[in-house]
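Colleague: make a model of this:
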Amino acid sequence: MHVVVVGCGRVGARLATELADEGHSVAVVDRHVKAFNRLPERFTGTSVVGVGFDRERLREAGIERADALVAVTSGDNTNVLVARVARDAFGVERIAARIYDPKRAEIYERLGIPTVASVQWTTDRVKRRIGLDGQNVEWTDPSAMVQLVERQLPARWAAVALADIELVTGARAIAVSRNGASSVVVPSELSQDGDVVWFAIATDAISTLDEVLAAPADNGGHH
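Modeller: Here you go, the predicted structure:
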């Protein structure tokens with residue numbers, strides 16, 4: 001996967017380094033040249049000097065082929081602007097924006113921008129948000145036959161009954177995070193763009209769930 005990381009502070013540099021070490025293609029954007037000194041010598045990605053919401057700088061960072069973008073500058077407004085440009089102008093679906101003011105999280109999530117609060121920040125959590133953390137298992141029962149997994153639904157799954165996913169995958173949606181708040185799923189509940197859903201699922205069916213969610217709408221998707 002190609003991932004664009006905007007902001008080369010301590011967490012941005014760590015995230016970019018981890019992703020590159022795992023074999024992903026990574027480009028880091030920061031307005032300060034000295035910020036790239038935080039990247040280790042072994043870093044194999046690309047460094048782009050400039051403002052993160054500048055479309056030309058994003059193009060230089062490979063946004064047009066990016067599978068995911070993470071905005072981790074020191075400013076909430078900058079992070080959400082970068083995320084919206086990536087989503088609206090370049091069609092990037094997998095996005096995570098760091099948020100310092102938790103009161104703003106609900107506003108940003110209503111705009112369809114998945115956020116991770118500063119106090120909750122870990123590179124593992126962000127990689128989970130953009131789909132780069134393996135099977136993203138939250139809990140496993142003692143027999144290892146049933147697991148709880150977290151998934152962010154792709155935009156094409158908006159306005160679909162969450163119960164319908166169980167029909168084709170066996171994964172039961174039990175809770176959803178939406179607009180900065182979480183709730184238990186009711187049987188007839190419809191999904192919304194940007195939903196993060198927790199599924200209870202048989203261990204051997206996780207790959208089927210991921211395949212169904214990732215399938216194009218005209219080839220195994222819900223349409």
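Colleague: quick check: the gap between residue 150 and residue 49.
Modeller: 35 Å (CB to CB, to the nearest Å). Every residue, glycine included, has its C-beta placed from N, CA and C.
Colleague: distance between the longest helix seen in the chain and the chain's centre?
Modeller: Assignment by DSSP state H gives helix 10-21 as the longest helix of the chain. Chain-centre distance of helix 10-21: 15 Å, with CA atoms, centre = their mean, to the nearest Å.
Colleague: how about it: buried residues?
Modeller: For helix 10-21, the buried set under the neighbour-count rule, 16 or more other CB atoms under 10 Å, comprises 11, 12, 13, 14, 15, 16, 17, 18, 19, 20.
Colleague: out of the residues you listed, who's nearest residue 55?
Modeller: residue 12 (19.7 Å; CB to CB).
Colleague: could you break this protein into its assigned domains?
Modeller: 2-129, 137-214 (automatic domain parsing).
Colleague: now do the end-to-end distance for stretch 52-68.
Modeller: From its first residue to its last, stretch 52-68 covers 14 Å (CA to CA, to the nearest Å).
Colleague: thinking again about what came up before, which of the domains of the chain sits most buried?
Modeller: Mean neighbour count, computed with mean count of other CB atoms under 10 Å, is highest for domain 2-129 among the domains of the chain, reaching a mean of 19.
Colleague: pLDDT (mean, whole number) over it?
Modeller: For domain 2-129, the mean per-residue pLDDT is 87.
Colleague: secondary structure class for the residue lying farthest from the centre of the chain?
Modeller: Note on the chain: the largest C-alpha distance from the chain mean falls to residue 143, namely 29.7 Å (CA atoms, centre = their mean). Classification of residue 143 using DSSP: H, G, I helix; E, B strand; the rest coil returns coil.
Colleague: that one and residue 41: what is the separation?
Modeller: From residue 143 to residue 41 the distance is 46 Å (CB to CB).
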